Each structure stands twice: as C-alpha cells, then as structure tokens.
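Asker: fold the following, please.
(chains A and B)
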Amino acid sequence: MIPSSVHKVLLIAELDERDAPSPATLAAASLAASLAEDLECTWSTLAFCSAPCRHSSLRLMGCAEVFECSTSPAHGRLSEYLAPTACDLVRERQFEYVIGPSTSLGKDLLPRIAGCLDAAYIGDCSGFRREGSALSLLRTIHAGHIAVECRTASRNVVLAARTTAFDRIRLRSSPCPSVAVAFVEPMSSARHIEVVGLERPQAQRPALTEARIIVSGGSPLGACFFRVLGPLADQCQAALGATRTLCDLGHAPAHLQVGQTGKIVAPDLYFAIGISGSIQHVAGMRDSKVVVAINRDTHAPIFAFADFGMVGDLFELVPEITQAISRRSSGR
Amino acid sequence: MRILVAIKQVCDPDQMGRLHLLENGTVLDRSCLDRFANPFDEYALETALRLTENGEVPQQRLGDVVAITFGDTASEVVLRSALALGATRAIRVDATDTAIDAQMVAKSIAHLARLQSADLVIMGKQSVDGDGNEVAQRVAAILDWPQVISVAAIREQSNGLLDVEREVDDGTLILRIALPAVVSVDLRVILPAAVRSRHTSRGFEYPTGVRYASLPSILGAKRKQLDVIPLSELTDPSHRVLNHARYQLRRPRQGCQLVETVDELLDRVAQHAPDVLIERTRP
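Answerer: Numbering: from 1, shown residues only, chains lettered A, B, ... in the order given. Next comes the predicted model:
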C-alpha cells in the first residue's frame, strides 16, 4: 500500500500591503486547520510575497510550514502567474486539498488551479461533513436556497472558503518554519496579459466584508442613499451596502453591492432599509446574525429573512433611529 | 474576430418555491421550473455582438459569433434566440444536464475553441442556478490562455489588444490582454459605453441592456446553421470530478417580530445582539 502523505492540505494565503495575512485568509485558515484535523494530517501555507516575508503573523497561523514565493505585486494579482507555482507545489509535495479564501483573487485563481489539476472545485465552501469514510463538502446553490453536499471523485480538490462561514484562526505565539520556493516560469498565457492600473474607491467606512454592522439600502432611497444612510452608518461605525438596483441606477458605487452577484456578507447586525428582499439580494445577506428590516410594504419578502421589522416611511424612521442610537450611546 | 459564446439554460430563480427534493434528498427535482438563458450569458452574447460590429451599423456582422450550449433538443431554444439576435452559427453539445460537471463542460468548450480557431471565449461569470463561477477559469487553464473574469468593460484597441476592466474587492482592475483569451462578464458590461469594438466610434453609446430580436431576424434564425455534437466527441463523458450527494432546502427565518416604535426596535436589537449597536458603558 502506498503510504499516505502527512501534508495533505495546502492553504493559499493572501497578504495585505504589510505582508500580513488578510482577514479572509485567516478565515480560510480555519477551514484548512479543521479539515487537516479531520484527515489527521498537518497543513501548510503557500504565500506569494516579498521573500523573506516581512510580517511574522503569516507563520503564526498554526500550520506546519509556510512556503514563501517571491512575487512582484503586479504579478500577485494575475492567476496566469500564480497558478503554475501553486500547481507544481501541489504535485511535488502531493497535497490533496488546496484551500483559499473566496475573494476576488481567490475566485479567479482557485478554479484555474482546479482546471490545471483536473480537480473538483467547491466555490464558496461553507464547511464539510464526515460520514464514515465519506467526506462531503458543503456549499449552496440556487441563490442560497438549496444546501448541497458535494462528493469529489478527483485526486485533488480545490476549495474557496466562504469567509463569512468561518471565524478567523487564532494566532499562535511560536512561528512555524518557512521554506522558500522558486517562482515557476509562468505558462505562455502570462505573456498575453498585463495590469494597466487599479482604481481604488476612497474608503471612509469599514469594508463591507469585515464590518460588524452593515446599513444597506434599496431603490426607494434613490439619490438620497448617502444622505439618509450615511449618518446612521457613521453613528454605529457600520459599512454601507446596497442592492443591485440601486447600484445599477448609479446611486451607489458597484463595490457596495450585496447579493448573489455582489458581496456575500454575514455581519452581527444587518439593516435592510427599503429593500424588498429579492432572492438575489437575500442570497448575499441571509446568514447575518440579526437582521432588521424597514419597509413601507408589510408584505415585502425581506420580512421573512428578518428578525425584527418596522413598517413605515424610511425617510422618517432612519433619522429617528440614528438619533435614538446617538442618545443611547451618550447615555441619554 | 471569431468569438465562442457559451450559454447555459437555467431554472427561473423566481420559482424557487417549485423546487422539490426526492428520494430522501438525493435528487433535486427542477422539472416544475421554467427555463431560460442564464442572464449573465445573455450579457456575454451582447458583449460578443458589440465586439463584432460597428455600433452604428449593427445589421452588419464584422466577425463570427458562435453560440454554444449543452443539453437536449429542448435547450436549442436558447441557440435559436442567439441566432435571431445576431450570432452567426450555433452548436449544441448533446448532453444530459445532470450527467455533466464543470470540468467536463470546460474541457468540451476548450476543445471546441481549438476546433473552431476561436479568438475569444465569452460566458457569464456564473449561472444563476448552479452559482459555480468556475467554467471560464477552467477553460483558460486548459487552453493556457489569459483569463479575465467578472468583466465590467471591454474596449478593443486599434492594434487588436483588449483593455478590460474587472471589479475586484478593492476597486477596479484594468488589464490589457492579447488574443486568444477567455472572458467572463458581470452585470455592468451591458451599460451604454462598456463594450466597444475598434469599428465603433469612441463617442457611441448603446441603449442600456441587451438587444431584442426583430421578427424578420427571428424567422431568419431558423435558416442559420445549428450543429449538434455528441459530448463524447469532445471529452470523456464518464470522467466526473464532482457529484452532488444530497440536497437540503434552506428555510427563511422563523417569525419576524414587527415593532411599533424605534425604542422598542433598539431594545430588541440590544437583547439579541448585545454590545454590537451600543456598547454598554462601564460603571
């Protein structure tokens, strides 16, 4: 019998400007760690960074070793450059599972790795289930309406961790060893793509995917989106979110869109203001811990996905809520 | 330019109530749902049409747009509709929806792209029923072509390079690609000035959304070429990498409490999410 590899799980880390693992990476690391525990093996990390990695926390996530691959920032955004190194490492060290966060880069890179390795890919994976010898990987389909247990039939399995489904892994006190790996010569496709630029919106509020509170608005707000919801968001240090319609109408920037085709969020508290509750929007927020809905229409579908609701005119209620929170915060 | 557009027939997302689980949750019955072309794939077709025309003379096709789908004869309706909108030819890969997975579809599309000498493969960023968001990336991997996913804008330069905008978590990434390449498109690709071929003048704006077919073009579509290729000619139909073992319906929350006053609302929130909205002041 062929001895099974002890390092079966490889996490692909995403780093911030300081080379520290991103919050989404720390969430994906939780999935890597629990899967490794289930498989009774250790897990490792691959990071594309300036080598040696400048930030120590990458080596404090609890994995057996960190593979560091020196990469320029422009190449770090292109799967055409990253996939060959990842695939070579997986083949050479016989990793079975490749895990990354379900971010815009993860959704680009991880399915490409799956394509190269002829592997199964579980997008937006929310966990796994063990039944005897069978391991099922969990995700949802039909805009979050159906949960599905996936079984894989390939040598390798690639997972994009739904970052809202996992707590960030707790950092250890002692670092693991790091191993430098060479950047593998990219495939020919890499010669046919280049980054021209990145336009960043000005961020004055917490990021949508990291905020504890989200104040989200729908089409009735129209051009008043920022004016009505901004003060409430500022009062409770919340991120702003919007429906697809509001974004399409140009009243909210595209990166604030919550939903099946926007960002998937699960904050501690979600305010759905003037949001009817289309299946596409609900897919992006239904796992929020507490949902408050404010709508003029008692029969709006959003109330089925809310814990508490108020029926009324949002243009009156939102300022009232903002003031009430302000009063309570200052101890009346 | 020859563009392959992959179009999937999906279930109506507004008819989720008609989904049923059978055989102890091991079978998902979608037979009661209406089917139509995946909206993102319709945007992919619109993108392909805009890239192969002068926006001012859309009747004249300046390239080749080949629409493909996977399915039985019933799925040909999405191809006929694509032909009516301006696609030049269509291919149906004869397959059963439940017997194929993303890697099989990707291998077949990659094979077709080579057979057809395609310059560009375009599809929607995800299907609205499977929510996979993986086929374009797999096709690009198999072909070793550059990929740009979730594309919001494409402008063809006079030298044939494409300037492509993609929305990422921290903003908008602008990329330049040389053909051949694979692209998946997002919602905003159908805005008036989002996609422009080198034949279309810079100031030209399309109406927002996808175009509609005229009656003569619907009739004309019946005479356009539609080929049927068995799946086994393109890939090994027995090689699956993923199976769905069991399904479960996810229910909405139980019982939303409607409250009358703002104070009552904040009291309830404070009970259920303590310290989130208002931090308790320390004595």
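
Asker: listing request: residues of chain A with sub-threshold pLDDT.
Answerer: A:1-6, A:51, A:331-332 (pLDDT under 70).

Asker: ok, the residue of chain A found nearest chain B - contacts?
Answerer: The nearest approach of chain A to chain B comes at A:Gly115, 3.0 Å away (Cβ to the nearest Cβ). C-betas here are computed from N, CA, C, even on glycine. Residues near A:Gly115 by Cβ atoms under 8 Å, 6 or more residues apart in numbering or on different chains: B:103, B:106, B:137-142.

Asker: check those residues against B:Glu264 and report the nearest one.
Answerer: B:Gln137 (48.8 Å; Cβ to Cβ).

Asker: which ones are touching that closest one?
Answerer: Applying Cβ under 8 Å, 6+ apart to B:Gln137 gives the contacts A:79, A:108, A:110-112, A:114-115, B:147, B:149, B:182, B:184.

Asker: distance of it from B:Pro39?
Answerer: 20 Å (Cβ to Cβ, to the nearest Å).

Asker: how about the secondary structure of B:Asn243?
Answerer: Three-state call for B:Asn243 (DSSP: H, G, I helix; E, B strand; the rest coil): strand.

Asker: for it, list each beta-bridge partner.
Answerer: Assessed by DSSP bridges, B:Asn243 has beta-bridge partners A:Arg151.

Asker: show me what contacts A:Val181?
Answerer: A:46, A:67-69, A:85, A:89.

Asker: of those residues, which belong to helices?
Answerer: Among the contacts of A:Val181, the ones falling in helices (DSSP state H) are A:85, A:89.

Asker: if we can go back for a sec, show me the two of the contacts of A:Gly115 that sit farthest apart.
Answerer: Farthest-apart pair in the contacts of A:Gly115 is B:Gln103 and B:Ala140; separation 13.1 Å (Cβ to Cβ).

Asker: number of nearby residues for residue 259?
Answerer: Just going to use chain A. Per other Cβ atoms under 10 Å in any protein chain shown, the neighbour tally for A:Gly259 reads 24.

Asker: sorry, should have said chain B
Answerer: 18.

Asker: next, the closest residue in space to it that isn't next to it in sequence: secondary structure please.
Answerer: With sequence-adjacent residues excluded and distances taken as Cβ to Cβ, 6 or more residues apart in numbering or on different chains, B:Val259 is closest to B:Leu265, at 4.9 Å. Taken by three-state DSSP, the conformation at B:Leu265 corresponds to helix.

Asker: how about the contacts made by B:Leu265?
Answerer: Applying Cβ under 8 Å, 6+ apart to B:Leu265 gives the contacts A:292, A:308, A:310, A:321, B:259.

Asker: same deal with B:Val228?
Answerer: B:91-94.

Asker: now the buried members of the residues you listed.
Answerer: Buried by 16 or more other Cβ atoms under 10 Å in any protein chain shown: B:91-93, out of these.

Asker: count the neighbours of residue 211 for me.
Answerer: Picked chain A for this. 22.

Asker: oops, chain B please
Answerer: 16.

Asker: surely B:Val78 is within a helix?
Answerer: Yes: the assignment for B:Val78 is a helix, going by three-state DSSP.

Asker: for the stretch 1-150 of chain A, what lies in contact range of chain B?
Answerer: Within the stretch 1-150 of chain A, the positions lying close to chain B (Cβ under 8 Å from any Cβ of the partner chain) are A:77, A:79-80, A:83, A:103-105, A:107-108, A:110-116, A:118-124, A:134, A:136, A:140-150.

Asker: identify the residue nearest residue 196 in space, chain neighbours excluded?
Answerer: Just so you know, I chose chain A. Excluding the flanking residues, the one nearest A:Val196 by Cβ to Cβ, 6+ apart is B:Ile174, at 4.3 Å.

Asker: was after chain B, sorry
Answerer: Using Cβ to Cβ, 6+ apart, the closest residue to B:Arg196 is B:Arg155 (5.1 Å).
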